[in-house]
Structure formats: C-alpha cells, structure tokens
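Undergrad: Give me a model of this one.
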Amino acid sequence: MKNLQVWQNILIIGLTALGVGQFGLTTHAAGQYQAKWIDQLEGMSVKQGDSVAVWVDVQNTGTATWSNSGANAVKIATIKPRDRMSKFYHSSWLSSNRVAVTIKEQIAPGEVGRFAFTVTAGGAPGKYREYFGLVAEGIAWLDPFYFYIEINIQPAVYTVSWVNQSDSPTMTPGEETVVWIDLKNTGNTAWLNTGDTAVKLGTARSLDRVSAFASSTWLSPNRAAVADKLIQPGETGRFTFTIKAPEQVGTYKEYFRLVVEGVAWMNDLGIYWEIIVNEELVIGKPITVGLSSTTSPMVLISDKGMVVRRGSDKGMVVRIDANKSATVTARNGGYIINISGQVYDVSDWVKFIPLRNSIITVSNEKISSTYNRFRGLLIIRRSALSNNVWMVNELELEDYLKGLAEVPDSWPIEARKAQVVAARTFAVRRIQNPRADIFDLYDDTRDQVYYGHVYETNRPGIAEVVMATTGMIIKYGSDPITAYYFSDSGGATENVENAWNNGNPNLAIPYLKGVTDPYAKPITWEATLSQAYLQEIFGKTLAKIGAFSETVTDLIVESRYPSGRLQTLAIVTSTGKRTSVSTATFEALVDTGYVKSTNFTVEKSGAANAPTFVLRGVGWGHGVGMPQWSAYNMAQAGQTFEQILKYFYTGVTIANS
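TA: Residues are numbered from 1 along each chain as shown. Here you go, the predicted model:
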C-alpha cells in the first residue's frame, strides 16, 4: 500500500429544495406530510476515513405531527434512488438506508425539528454529492423535499519520524527482554491504538514476515505492538514490546515499520535492533571460585538445559536438553562427557553454560549434597600448577557474595552490611591477585566460605544487604584493601606484621593496625596438647636442636604483642634443651580451629617429665582486621556499617569499586 499525501480537506454540505412530482403518493398523504428546509451545518473539514457529525433543521409544513419513534416515525432516508446503501454509511445509522430521526420526540405542524447524524468519508479521495429525503415510515415520502451533502474527500496522510529507541540487547537463547521506540506522528491523521485501523509496529524487510523474535505477548507473529496511547498529529508515542531470542546463536538485525492496519504502510525509517544471541552468559564482573579438586566423575544438570563449550576456543561441544545430566570423567589431556549414553571426547578443558539463566546442580563426592547448586557457569579444568582437576564456578561478583556463609542472616543489618562490604573488598583483591592459575579464590576458610545458590535462597538476609551495598568496597587511597576479618578479638586486634611476619616493620600495612576492642564478645576456649600432639606439631623444631625423641617438659610464653597475643614461646625438653618458636607456628593451629587464637596462657598437668599442657585463651581467629562479633555488638549499639569498618580498618574510605 502506498503512503497517502497531504491535502487540504474540505467538507461542503449543501441543500436544495425542489418541488416536482408526488412519486406515486396519494394527494391525501402528500398534504399531511410536507417539509421545508431551514438550515444545516456547513464548511467542515474531512479526511479519508474520518467520521463527521452533521445536522439539518427542517420545518413541518404539513398537517400531521412527526414522531421520532413508532411504526410511522419520520426519518432521513437515502434517495436517488430511494432506499439504497450509502457510500457514507456510519454504524450509528438506523439501517443501511435509514439515517436518523429528529432529536425531539414530536414535531408539530409549523415547528422546526433537527436531524443530527454522522457520516463516514470512507471512499476514495474525490468530490461527492449524497442525496437524502424524508419519509414517514409506512405512510409517505415527503415529496418534493430533499437535501444533499457535498463532500470533498482528501487523502489521510500517515507519516512518521524517529525520536528515540532502546539499546540493542545481548541475549541468551530463549531469553526475553523488553525494547521500545519513540515515534512522532508527522502526518495529518491521528494514530489509533485500537480498532480495525489501529497503527501497529509491523515486521519489515520483507513486510509482514514472521519474526524469529516474536514472543507470546505480540499481537501476532508479524505485529509487535501498538502505541501506548492515541497519538495526534505532532505528538510522540512509545511502542513497547518483548522480544524472545531464538535458540540459534548469532547476530541479527530485526527490522520494523509502522502500518495503518488495512490502510497503508508508513514511510520506511529503517527501524531495527541489532540483537546478539550468545550461549555464553554475559557476566559483567566475573569471579572464579575453586569449589574442589576431584579424581572421581562429576555429574552436572540444569532444569533449562546447558551448552558445553571447549574452554580454549569456545567451540561448541554439545547442547544438553533440560533436566538431562552429563557425567564428566577426567582423562590425560581432556575429558569424557557422557549424556544418556552418547559419549563426547574433548581434548580441552570444558565450560558448562546454563541456558536461560538457570542454575547448575553438581554431584560429586567432594561437593556437599546440601550446597551443590550454583549460579553462573561451571568450569572443569586441570591446574597446570598442581595437575589436579578442579570444579570451578564462574559467576557475577555480586551473586557470589549472596552465597557466602560468613555471618548469619539474622544478625543486625548494619553488621551484615559491614560483613558484605568487607567480603566484597576481599574478593576484589583476590581477583587482582588470584589464588591459583585457574581460579581467583577458594570456597572455604582459606578465603571465604561460599555455599552457592542454596544458601542464597535459604538466607535471604544476606542477599538483601548485598543488593543494598552493591559495588561498595573499602579503599585506602584509591586502592581496595586486603579486608581480613575473623570471628572474635578477645579484646584487641593485631597488627598484620605481628600476626604473620614476626613483627617485621617493613611488612606493616597502614590500614591493618591493631586497635583495642571494647566490643568483643569475647569467646573463651581451652585446648589440651598431649605429648604425641606436641611431637606432631613441633617435631621438625625439636629435630633441629637434636631433641626429636625427647619429651617436652615446659612451654614458656617469652613475649607478647600489645594485644596479648603470643610473640615467642620457648620449648624446653626433658634434657634441658630449649628453643623458641614464633606466633607463626601457632597460627597454623589457629587455622585448624583447635587452638582458636594466639592469645592464651599455659598450664601443666601430669608427670613432670612428660606433662600434658592446657592452653586457656580468648578470642577466635588471626586477629587482623574486623572481628565479626564486634561488628554484631556495634550494630546492636546503633553504629552503622561505615562506622564499624572505619574503626577496625585504619584510615580507609567506603566507595564504589
């Protein structure tokens, strides 16, 4: 259909009253029903397809009273010839050849009555004259009376200009997303958003094709949307609709064009979105988490399906249907993937990519059956450093934080915020300085305890504060800090160089300074060290002084740091040999959780030449950075997460990453 051009639109309504003939009516009827033209509406504008209201005033010059109801009602009717279907028929007419009755119920002889009705300029552009008369239904035509409407129909103009539109999306197969476009009505005719001639956004290049991106919300497979409102000439309206990505990966240009349904296509603006459909998840800020190394088969499944790709070149291996499992077994130089008996041998590391943002479930003897569901993708890869096969979870940094199990989600919100901001900062530093060649950090206490999507779902209070603090990290100057944290300080935190570097001032970090901690819980604990345990942990030290087979008769705290934590401890053997160990030796025990801190006293019991030693201590953890229980107590006392963090990390700021 061609676009319609702009024209000056004029409706000329005229009337002529002529007195010729009786058209077969009896003289008696003609005498009773006579009419005289008085006035009518003139000079209106009309465009093709428009409807216009008109009226005519007529005087009753006969002897019979006109009624607007009943079997003998007086009506405007089509003539020349009589009772024909009019080109200007409107749905408000009484019938195809009866137009209207008077507004008043009755018009007495000598009175003037008004007939009001609507005509539709539905024909082709041109000049028309339409004739009407009056009829007393079932009695007589009011001859010689008639009047006519002269209509000059000019084309309706539908043109459009582009204003703005949403960005082109990147999608995964089957994903849905909303797009929109703002278009201006530059024609002379309103755009309807309902009815048979509604203006719609249709598929183009070629016209009316079935779109590969049609969603269930479309009007039809080739009509995406109508405007959000009726759009008058000069106004701008928005067309909003949902597109659904096809299963086939690729880059598409999807074209659209406005159409006046049943009338015309508007000018082609070349409207399109370039849509990228990619199997790979689009992860804006990725982090990789080492879940576990394993020598046994790994089973992966997703309720919406997965795609397996080679890791090095991203080449497709296989698409896996929803709820179908894949069993992966490592071999030298690659992996065997078994899907319902179909075997794929891949000489590369592999990525399992969930479709439609679904969750992957992993089954393996090294993965907890409780916490085995993960956002993002799963990588199975051998470390070049250790030669171990690892299961690695790659996901958004913010999603990773939602699955951390460092503090309960029932804790005060400011304590949870402090924990999440510290954890985010710790993770950002690990991304900058990864733990391994194939992942950024471990999923356990070596870094941060990560339980994945199940924990996120079961502990919504953690996800809540992740979203509330999105992107916030702790900085010293312009750099993210190494945000160490631990359980309980026992009353004071420790300088980082004292905890791990034997007090070497050259290894001090300005923001990891010890502070007194009146907010500590504190946790108290007791640990018993038998002679056998002492031989296990101090065997190499005793061997160096030639006392490997001797018993330990004394453990003497020689010096402490200001926080009360151990600096050096002397070991005395049954032959009187003596050597000193630093806090670093005991820090290894703290990592096991048996000796909970290096702030303890020593007591002996049992035989003098082979006693048992009892350590009684306070606090839990390495003592560097933020104590989680102190954050809890500070939040309970009304302090904010920023106040908590700035108290335990010296001279820092909280800012977006």
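Undergrad: C-alpha from now on. contacts and neighbour counts both.
TA: Will do.
Undergrad: who's in contact with the residue lying closest to N656 once chain neighbours are set aside?
TA: Once flanking residues are discounted, N656 sits nearest to M472: 4.4 Å by Cα to Cα, 6 or more residues apart in numbering. Taking Cα atoms under 8 Å, 6 or more residues apart in numbering as the contact definition, M472 lies against 421, 424-425, 654-657.
Undergrad: do the same with V421
TA: With contacts taken as Cα under 8 Å, 6+ apart, V421 has the following neighbours: 469, 472-474.
Undergrad: Let's see that with 7 Å instead.
TA: Contacts were defined as Cα atoms under 7 Å, 6 or more residues apart in numbering; by that measure V421 touches 472-473.
Undergrad: Show me where the stretch 301-450 of the chain has its strands.
TA: 306-310, 316-320, 326-331, 334-339, 342-346, 350-354, 360-363, 373-374, 377-382, 389-396, 441-442 (DSSP state E, counting those that start in this stretch).
Undergrad: Reformat those as JSON lines; add mean neighbour count.
TA: Written out in JSON lines, the entries for the strands of the stretch 301-450 of the chain read as follows (neighbours: other Cα atoms under 10 Å):
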{"stretch": "strand 306-310", "mean neighbour count": "23"}
{"stretch": "strand 316-320", "mean neighbour count": "17"}
{"stretch": "strand 326-331", "mean neighbour count": "19"}
{"stretch": "strand 334-339", "mean neighbour count": "18"}
{"stretch": "strand 342-346", "mean neighbour count": "13"}
{"stretch": "strand 350-354", "mean neighbour count": "26"}
{"stretch": "strand 360-363", "mean neighbour count": "21"}
{"stretch": "strand 373-374", "mean neighbour count": "22"}
{"stretch": "strand 377-382", "mean neighbour count": "24"}
{"stretch": "strand 389-396", "mean neighbour count": "22"}
{"stretch": "strand 441-442", "mean neighbour count": "22"}
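Undergrad: Select, out of these, the one closest to G503.
TA: Distance to G503, taken as Cα to Cα, is lowest for strand 441-442 among the strands of the stretch 301-450 of the chain, at 26.8 Å.
Undergrad: and the gap between I271 and V595?
TA: Noted for I271: a distance of 69 Å to V595, by Cα to Cα, to the nearest Å.
Undergrad: Comparing the two, which residue is more hemmed in?
TA: Neighbour totals were compared for I271 and V595, and V595 leads with 24 against 16 (other Cα atoms under 10 Å).
Undergrad: neighbours around D437, how many?
TA: Here the number of neighbours of D437 (other Cα under 10 Å) works out to 11.
Undergrad: now it, nearest residue through space, not along the chain?
TA: In space, D437 comes closest to S383 once its chain neighbours are excluded; the distance is 6.6 Å by Cα to Cα, 6+ apart.
Undergrad: Can you give me the distance of the residue nearest to N656 to A463?
TA: Separation of M472 from A463 (Cα to Cα): 14 Å.
Undergrad: still on that earlier bit, quick one, phi psi at the residue nearest to N656?
TA: The phi and psi torsions at M472 (degrees, to the nearest 10) take the values phi -80, psi 130.
Undergrad: Can you give me the pLDDT of it?
TA: At M472, the predicted lDDT confidence score is 98.
Undergrad: Tell me how many other residues surround Y649.
TA: Applying other Cα under 10 Å, we find 26 other residues in the vicinity of Y649.
Undergrad: Could you check how far the nearest residue to it once chain neighbours are set aside is from V614?
TA: By the measure of Cα to Cα, 6+ apart, the closest residue to Y649 outside its immediate chain neighbours is Y511, 5.1 Å from it. The span separating Y511 from V614 equals 35 Å under the rule Cα to Cα.
Undergrad: Those two: which has the busier surroundings?
TA: Using other Cα under 10 Å, the more surrounded residue of Y511 and V614 is Y511, with 20 against 17.
Undergrad: which residues touch that one?
TA: Y511 sits next to 649-652 when contact means Cα under 7 Å, 6+ apart.
Undergrad: which among those end up buried?
TA: 649-650, 652 (16 or more other Cα atoms under 10 Å).
Undergrad: tell me the phi and psi of G284?
TA: Dihedral angles for G284 - degrees, to the nearest 10 - are phi -70, psi -50.
Undergrad: Tell me how far it lies from I481.
TA: Plainly put, G284 is 22 Å away from I481 if you go by Cα to Cα.
Undergrad: When the two are compared, which one has more neighbours?
TA: The residue with the greater number of neighbours, taking G284 and I481 and applying other Cα under 10 Å, is I481; the counts read 22 against 9.
Undergrad: Does the more buried one touch I509 like I think?
TA: No: using Cα atoms under 7 Å, I481 and I509 do not qualify as a contacting pair, with a distance of 9.6 Å.
Undergrad: What pLDDT does the model give Q5?
TA: According to the per-residue confidence, Q5 scores 30 in pLDDT.
Undergrad: So what sits opposite the most centrally placed residue in the chain in the bridge?
TA: Ranked by distance to the mean C-alpha position of the chain (Cα atoms, centre = their mean), the top residue is T177 at 8.4 Å. Partner residues in beta bridges with T177: I243, with DSSP bridges as the criterion.
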